[in-house]
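K.L.:
what's the 3D shape of this:
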Amino acid sequence: MAFTTEWSMLVQASASPVEDKQKYFKKKQESARKDIERAFGVLKKNFHSISRPLQFWSMEKIIDVVYTCIILYNMVLEDQCKAICQNYQGNISQPESTITDDEKLQNVIYVKNREVHGNLRHELVEHLWLDVRMILY
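P.N.:
Next comes the predicted model:
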């Protein structure tokens, strides 16, 4: 399923990169995507609830379910002494949502803004390329 709209926060690499920095960005993005797909594959294998289509769930419920699955999976790993980071004492808190309907509408408009999407892709490519140049020199 291909995206027909360019969402500002979903940055796709160029289909046919020409410049070295675009090729590098595509390589890094594909690597990150592979890691994320692998992580969700593990969660889907272990938790049937997220292997079903989530399109009818609210975003809050999806977030809660995915976080719960991640926490449970990490608890299982810790119990089996396979955890990478044991005894983590961090405190994760979610801020209260006090967004108005006007702010929600503005967010939707911003998310679907083609100019924002193009700027974000350009800035990400430049940022990664700057990191490579700093390593090489």
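
K.L.:
Would you mind measuring from the residue nearest the centre of the chain to His127?
P.N.:
Geometric centre of the chain, nearest residue: Ile36, 7.6 Å, by C-alpha atoms, centre = their mean. Ile36 is 19 Å from His127, where distance means C-beta to C-beta, to the nearest Å. For the C-beta atoms, the positions are set from N, CA and C on the backbone; glycine is no exception.

K.L.:
try Gln80
P.N.:
Distance from Gln80 to His127, by C-beta to C-beta: 38 Å.

K.L.:
same question, Glu30
P.N.:
From Glu30 across to His127, the span is 17 Å (C-beta to C-beta).

K.L.:
ok, now Pro17?
P.N.:
16 Å.

K.L.:
Who has more neighbours out of the two?
P.N.:
Pro17 (15 against 10; other C-beta atoms under 10 Å).

K.L.:
any idea which element the nearest residue to the more buried one once chain neighbours are set aside lies in?
P.N.:
Leaving aside its sequence neighbours, Pro17 sits nearest to Lys23 (C-beta to C-beta, 6 or more residues apart in numbering; 4.5 Å). Using DSSP states H and E, Lys23 sits within helix 20-46.

K.L.:
I'm done for today, thanks for sticking with me.
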